[in-house]
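Asker: Sequence first, then the predicted structure:
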Amino acid sequence: MGKLKRFGVSMEESLLKKFDDFIKNQKYKNRSEAIRDLIREKFVEQEWEKGENVSGCIVLVYEHDVREVVNKIIDIQHKFSSHIISTQHIHMDEENCMEIIAVKGKVDRIKKLYFSLKSIKGVKYSKITKATTGKKIE
């Protein structure tokens, strides 16, 4: 971590009250920690918008008994294996499974993987969580 710098921020009292409530609910120790996290979150979004090398997680919930759903998920993962860091398969109940896929690479390829997986018949829910490789974030 680099050298810390102090700066002042002015805002409306009502906005500051909402921010302090946010800080309390999110269990931050102080405003500085919350501000740093919010700024980093915006920088991660910019990495994704610019199409840079990023990381993230794809979550799928699917009905495992649907014809060929598991094979299709595995086939797609193999096609994108250079972008998949890790996968975790979870048995949610007797009918449903969750797949968590950690990914890293160019945004366009990660999105292509995500859209290929989410469109499979039998997938009930899908979500991509955007993250960073950490190289451009302090």
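Answerer: Nice, I can see it.

Asker: which residues touch the strand or helix carrying I73?
Answerer: Assigned by DSSP states H and E, I73 belongs to helix 69-79. Helix 69-79 is contacted from outside by 60, 62-64, 84, 87, 99, 101, 113, 116-117, 120-123, using C-beta atoms under 8 Å, 6 or more residues apart in numbering. Heads up, the C-betas are built off the backbone N, CA and C, glycines and all.

Asker: The chain: helices as residue ranges?
Answerer: 13-25, 31-50, 69-79, 107-118 (DSSP state H).

Asker: Those helices: which one's closest to E94?
Answerer: Closest approach to E94 among the helices of the chain (C-beta to C-beta): helix 69-79, 14.8 Å.

Asker: Run the angle between the closest one and helix 107-118 for me.
Answerer: 170 degrees (axes from the mean of the first three to the mean of the last three C-alpha atoms, to 10 degrees).

Asker: before we move on, the earlier item: and the helix holding I73, how far out from the chain's middle?
Answerer: Centroid separation for helix 69-79 versus its chain: 21 Å, with C-alpha atoms, centre = their mean, to the nearest Å.

Asker: Enumerate the beta-bridge partners assigned to S55.
Answerer: Beta bridges link S55 to K104, A131 when assigned by DSSP bridges.

Asker: mind checking pLDDT for it?
Answerer: pLDDT recorded at S55 is 97.

Asker: E138 now?
Answerer: pLDDT, E138: 69.

Asker: what's the distance between F19 and A34?
Answerer: Going from F19 to A34 by C-beta to C-beta, to the nearest Å gives 7 Å.

Asker: Same question for G56.
Answerer: On the measure of C-beta to C-beta, G56 and A34 end up 23 Å apart.

Asker: cool, E63 as well?
Answerer: Per C-beta to C-beta, E63 is found 40 Å from A34.

Asker: likewise V103?
Answerer: According to C-beta to C-beta, V103 and A34 sit 28 Å apart.
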